[in-house]
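Engineer: just to be clear, the model below is a prediction. Sequence and coordinates:
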Amino acid sequence: MDTLRRETSDSREQGLVRVKCLLEEQCELPLDLAQLASIAHCSKFHLVRAFQAAYRETPHRYQVRCRIERAKALLAETSMRVTDICFEVGFESLGTFSSRFREITGWAPSVYRARVLAQKNQPALFIPHCYIHMYKMPVDRAI
């Protein structure tokens, strides 16, 4: 009986990992809970509960976070317009994209891009003052 429970538990974990990988690889596609549940071999309601228990966020929230991570990379590495990036990563509304981006990163997409570009041009600009102060302090070698 314990072997059966362990095998069932392992297959559920593998199903959750497959769902997580699919959400990462195809985050720009619309979320279809029924399809994800069939991949995990469970109901969509159980999938949401199990995914949240395993990864501390719902599949939808995880997908949004993956989209924002991809948008951050596009903002930093390309000169694409923010609107084009919004649609490229799977958002249907620029307003939703901007609000989710700000919610997760703390900055608007255009501000994020400006900060990344400024940091590339002058990396010392964003070193916290406390680190600069510690670096300039003499090190006591007697300790």
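Structural biologist: In hand now; what should we look at?

Engineer: pLDDT weak spots in the protein?
Structural biologist: 1-10, 123-127, 135-143 (pLDDT under 70).

Engineer: how's it carved up into domains?
Structural biologist: As given by automatic domain parsing, the domain ranges for the chain are 1-56, 63-143.

Engineer: same list, those, but as JSON lines with mean neighbour count please.
Structural biologist: The way it works is simple: take the backbone N, C-alpha and C, and place the C-beta from them, glycine included. As requested, the domains of the chain are exported to JSON lines (neighbours: other Cβ atoms under 10 Å):
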{"stretch": "domain 1-56", "mean neighbour count": "14"}
{"stretch": "domain 63-143", "mean neighbour count": "14"}
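
Engineer: how close does Met80 get to Cys86?
Structural biologist: The gap separating Met80 from Cys86 is 10 Å, by Cβ to Cβ, to the nearest Å.

Engineer: same thing with Arg56?
Structural biologist: From Arg56 to Cys86 the distance is 26 Å (Cβ to Cβ).

Engineer: for Thr58, same thing?
Structural biologist: 22 Å.

Engineer: before we move on, what about Val48?
Structural biologist: 26 Å.

Engineer: could you pull out the helices in the chain for me?
Structural biologist: For the chain, helices defined by DSSP state H occupy the ranges 2-25, 33-40, 44-55, 59-77, 82-88, 94-105, 109-121, 129-136.

Engineer: and the contacts of the last one?
Structural biologist: By Cβ atoms under 8 Å, 6 or more residues apart in numbering, no surrounding residue is in contact with helix 129-136.
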